[in-house]
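Colleague: sequence and computational prediction follow.
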Amino acid sequence: MENKKVLLLLIGLVVLINYSNYILPDRDKLHKTNLLLEKKIAKEMLLNSKKIDPKELAFPYEEYFFDGGKLNYSQAMGKFQELLNGSAKGVCEVSYIRWAQVPASQKKYQPLKINLSLKCTPKNSFVFVNNLRKKKKLVYIENLRIGKERKKERLVITMQSVAYRKTDDK
(Lines give C-alpha, C1' and ligand atoms only; values in the text may rest on other atoms or scores of the structure.)
Protein backbone atom coordinates (compact mmCIF):
# COMPACT_ATOMS: atom_id res chain seq x y z
CA MET A 1 0.00 0.00 0.00
CA GLU A 2 2.84 2.38 0.84
CA ASN A 3 4.42 1.69 -2.59
CA LYS A 4 1.20 2.69 -4.36
CA LYS A 5 1.04 5.98 -2.46
CA VAL A 6 4.66 6.77 -3.26
CA LEU A 7 4.07 5.84 -6.93
CA LEU A 8 0.97 8.08 -7.13
CA LEU A 9 2.92 10.91 -5.46
CA LEU A 10 5.75 10.54 -8.00
CA ILE A 11 3.33 10.46 -10.94
CA GLY A 12 1.57 13.55 -9.58
CA LEU A 13 4.91 15.37 -9.23
CA VAL A 14 5.96 14.41 -12.78
CA VAL A 15 2.64 15.68 -14.18
CA LEU A 16 2.85 18.86 -12.12
CA ILE A 17 6.44 19.61 -13.13
CA ASN A 18 6.08 18.75 -16.83
CA TYR A 19 2.64 20.19 -17.51
CA SER A 20 2.40 23.11 -15.07
CA ASN A 21 3.33 25.53 -17.86
CA TYR A 22 0.25 24.47 -19.79
CA ILE A 23 -2.13 24.42 -16.82
CA LEU A 24 -1.12 27.47 -14.76
CA PRO A 25 -1.19 31.02 -16.18
CA ASP A 26 2.17 32.50 -17.12
CA ARG A 27 2.59 35.21 -14.50
CA ASP A 28 5.65 36.82 -16.06
CA LYS A 29 3.91 37.20 -19.39
CA LEU A 30 0.82 38.66 -17.73
CA HIS A 31 2.99 41.06 -15.72
CA LYS A 32 4.87 42.24 -18.86
CA THR A 33 1.60 42.67 -20.78
CA ASN A 34 0.19 44.70 -17.90
CA LEU A 35 3.27 46.99 -17.82
CA LEU A 36 3.13 47.43 -21.60
CA LEU A 37 -0.54 48.40 -21.48
CA GLU A 38 0.10 50.87 -18.67
CA LYS A 39 2.90 52.51 -20.70
CA LYS A 40 0.73 52.73 -23.81
CA ILE A 41 -2.16 54.24 -21.85
CA ALA A 42 0.17 56.81 -20.26
CA LYS A 43 1.56 57.71 -23.69
CA GLU A 44 -1.94 58.10 -25.16
CA MET A 45 -3.03 60.25 -22.23
CA LEU A 46 0.03 62.47 -22.74
CA LEU A 47 -0.71 62.83 -26.46
CA ASN A 48 -4.36 63.61 -25.78
CA SER A 49 -3.43 66.30 -23.26
CA LYS A 50 -1.15 68.10 -25.76
CA LYS A 51 -2.52 70.43 -28.36
CA ILE A 52 -1.00 69.46 -31.69
CA ASP A 53 -0.68 72.12 -34.33
CA PRO A 54 -1.83 70.87 -37.76
CA LYS A 55 1.20 72.56 -39.30
CA GLU A 56 3.43 70.12 -37.41
CA LEU A 57 1.66 67.22 -39.10
CA ALA A 58 1.77 68.75 -42.58
CA PHE A 59 3.66 66.70 -45.15
CA PRO A 60 6.43 68.65 -46.97
CA TYR A 61 5.28 67.96 -50.54
CA GLU A 62 7.78 70.40 -52.01
CA GLU A 63 10.69 68.31 -50.76
CA TYR A 64 9.58 64.94 -52.08
CA PHE A 65 7.49 65.71 -55.18
CA PHE A 66 7.87 68.04 -58.12
CA ASP A 67 5.56 71.02 -57.74
CA GLY A 68 2.71 71.07 -60.27
CA GLY A 69 1.86 74.68 -59.45
CA LYS A 70 5.25 75.96 -60.62
CA LEU A 71 6.21 73.34 -63.21
CA ASN A 72 4.17 71.96 -66.07
CA TYR A 73 4.58 68.31 -67.04
CA SER A 74 7.47 68.89 -69.47
CA GLN A 75 9.36 71.08 -67.04
CA ALA A 76 8.94 68.52 -64.25
CA MET A 77 10.20 65.76 -66.56
CA GLY A 78 13.17 67.97 -67.45
CA LYS A 79 13.99 68.51 -63.76
CA PHE A 80 13.65 64.77 -63.15
CA GLN A 81 15.99 64.04 -66.07
CA GLU A 82 18.50 66.54 -64.67
CA LEU A 83 18.26 64.81 -61.28
CA LEU A 84 19.03 61.41 -62.85
CA ASN A 85 21.88 62.80 -64.97
CA GLY A 86 23.32 64.61 -61.95
CA SER A 87 23.28 61.41 -59.90
CA ALA A 88 25.06 59.50 -62.68
CA LYS A 89 27.57 62.23 -63.52
CA GLY A 90 31.14 61.09 -62.92
CA VAL A 91 29.96 57.68 -61.74
CA CYS A 92 28.19 55.92 -64.60
CA GLU A 93 27.94 56.35 -68.33
CA VAL A 94 24.38 57.09 -69.41
CA SER A 95 23.67 55.03 -72.57
CA TYR A 96 20.22 56.44 -73.12
CA ILE A 97 17.52 58.28 -71.27
CA ARG A 98 13.97 58.48 -72.64
CA TRP A 99 10.73 59.82 -71.31
CA ALA A 100 8.39 56.87 -70.97
CA GLN A 101 4.97 58.50 -71.17
CA VAL A 102 2.87 61.60 -71.38
CA PRO A 103 0.37 62.47 -68.66
CA ALA A 104 -2.74 60.34 -69.13
CA SER A 105 -4.95 61.91 -66.50
CA GLN A 106 -5.27 64.84 -64.16
CA LYS A 107 -4.74 62.92 -60.91
CA LYS A 108 -3.43 64.63 -57.82
CA TYR A 109 -0.11 62.81 -58.20
CA GLN A 110 1.11 62.31 -61.75
CA PRO A 111 3.85 59.72 -62.20
CA LEU A 112 6.89 60.88 -64.11
CA LYS A 113 8.52 57.85 -65.75
CA ILE A 114 11.90 57.82 -67.45
CA ASN A 115 13.58 54.82 -69.05
CA LEU A 116 17.27 54.85 -68.24
CA SER A 117 20.23 52.71 -69.25
CA LEU A 118 23.57 52.97 -67.47
CA LYS A 119 26.99 51.37 -67.89
CA CYS A 120 29.10 51.25 -64.75
CA THR A 121 31.06 49.04 -62.41
CA PRO A 122 29.22 47.24 -59.61
CA LYS A 123 30.68 49.58 -56.99
CA ASN A 124 29.68 52.67 -58.99
CA SER A 125 26.13 51.35 -59.39
CA PHE A 126 25.80 51.57 -55.61
CA VAL A 127 27.30 55.05 -55.69
CA PHE A 128 24.65 56.03 -58.27
CA VAL A 129 21.85 54.70 -56.04
CA ASN A 130 23.32 56.50 -53.02
CA ASN A 131 23.50 59.73 -55.03
CA LEU A 132 19.81 59.32 -55.85
CA ARG A 133 19.03 58.72 -52.19
CA LYS A 134 20.84 61.91 -51.19
CA LYS A 135 18.48 63.95 -53.34
CA LYS A 136 15.33 65.12 -51.61
CA LYS A 137 12.96 63.97 -54.34
CA LEU A 138 11.21 60.64 -53.96
CA VAL A 139 12.42 58.33 -56.76
CA TYR A 140 11.86 54.63 -57.10
CA ILE A 141 13.02 52.14 -59.65
CA GLU A 142 10.81 49.75 -61.60
CA ASN A 143 11.68 47.04 -64.13
CA LEU A 144 15.32 46.77 -63.12
CA ARG A 145 17.51 44.58 -65.34
CA ILE A 146 21.22 44.12 -64.78
CA GLY A 147 23.57 42.36 -67.16
CA LYS A 148 27.28 42.20 -67.88
CA GLU A 149 28.75 44.17 -70.77
CA ARG A 150 30.49 41.87 -73.22
CA LYS A 151 33.76 43.62 -73.89
CA LYS A 152 34.41 45.43 -70.62
CA GLU A 153 34.14 44.59 -66.95
CA ARG A 154 31.08 46.74 -66.47
CA LEU A 155 27.39 46.23 -65.81
CA VAL A 156 24.62 47.32 -68.12
CA ILE A 157 21.75 48.51 -65.95
CA THR A 158 18.37 49.17 -67.53
CA MET A 159 15.56 50.57 -65.40
CA GLN A 160 12.46 52.67 -65.36
CA SER A 161 12.74 55.48 -62.81
CA VAL A 162 9.57 56.97 -61.38
CA ALA A 163 9.03 60.24 -59.53
CA TYR A 164 5.82 62.16 -58.90
CA ARG A 165 4.48 65.59 -59.70
CA LYS A 166 1.90 66.96 -57.29
CA THR A 167 -0.74 68.89 -59.18
CA ASP A 168 -2.78 71.69 -57.72
CA ASP A 169 -5.60 70.69 -55.36
CA LYS A 170 -8.87 70.80 -57.25
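Modeller: That came through, no problem.
Colleague: for the one residue sitting closest to the centre of the chain, which non-adjacent residue is closest in space?
Modeller: By Cα atoms, centre = their mean, the mean C-alpha position of the chain lies nearest to Tyr140, the distance being 10.3 Å. In space, and not counting its chain neighbours, Tyr140 is closest to Val162: 5.5 Å by Cβ to Cβ, 6 or more residues apart in numbering. In short, each C-beta sits where N, CA and C put it, glycine included.
Colleague: pretty sure the one you found contacts Leu138?
Modeller: No. Counting by Cβ atoms under 8 Å, Leu138 is not a contact partner of Val162; they are 9.1 Å apart.
Colleague: between those two, who's got more neighbours?
Modeller: The neighbour count for Val162 versus Leu138, taken as other Cβ atoms under 10 Å, is higher for Val162 (17 against 12).
Colleague: what about the more buried one, distance to Val139?
Modeller: When distance is defined by Cβ to Cβ, to the nearest Å, Val162 is 7 Å away from Val139.
Colleague: kindly report the same for Pro111.
Modeller: Using Cβ to Cβ, we find Pro111 at a distance of 11 Å from Val139.
Colleague: kindly report the same for Gly147.
Modeller: Where Val139 is concerned, Gly147 sits at a distance of 22 Å (Cβ to Cβ).
Colleague: and these two? Which one has more around it.
Modeller: Per other Cβ under 10 Å, whichever of Gly147 and Val139 has more neighbours is Val139, with 19 against 9.
Colleague: that older thread, any common contacting residues for Pro111 and Val139?
Modeller: Counting by Cβ atoms under 8 Å, 6 or more residues apart in numbering, the common neighbours of Pro111 and Val139 are 162-163.
Colleague: what's the pLDDT at Ala104?
Modeller: Ala104 is assigned a predicted lDDT (pLDDT) of 64.
Colleague: tell me the residue in this structure that is farthest from the middle.
Modeller: Met1 (70.9 Å).
Colleague: can you tell me which residues contact that one?
Modeller: Met1 touches nothing, counting by Cβ under 8 Å, 6+ apart.
Colleague: do you know the pLDDT at it?
Modeller: Predicted confidence (pLDDT) at Met1: the value is 75.
Colleague: rewinding a little: for the strand or helix carrying the residue nearest to Tyr140, packing partners?
Modeller: Per DSSP states H and E: Val162 is located in strand 155-166. Contacts defined by 3 or more Cβ pairs under 8 Å, 6 or more residues apart in numbering; DSSP states H and E place strand 155-166 against strand 66-67, helix 73-88, strand 109-120, helix 122-134, strand 140-148.
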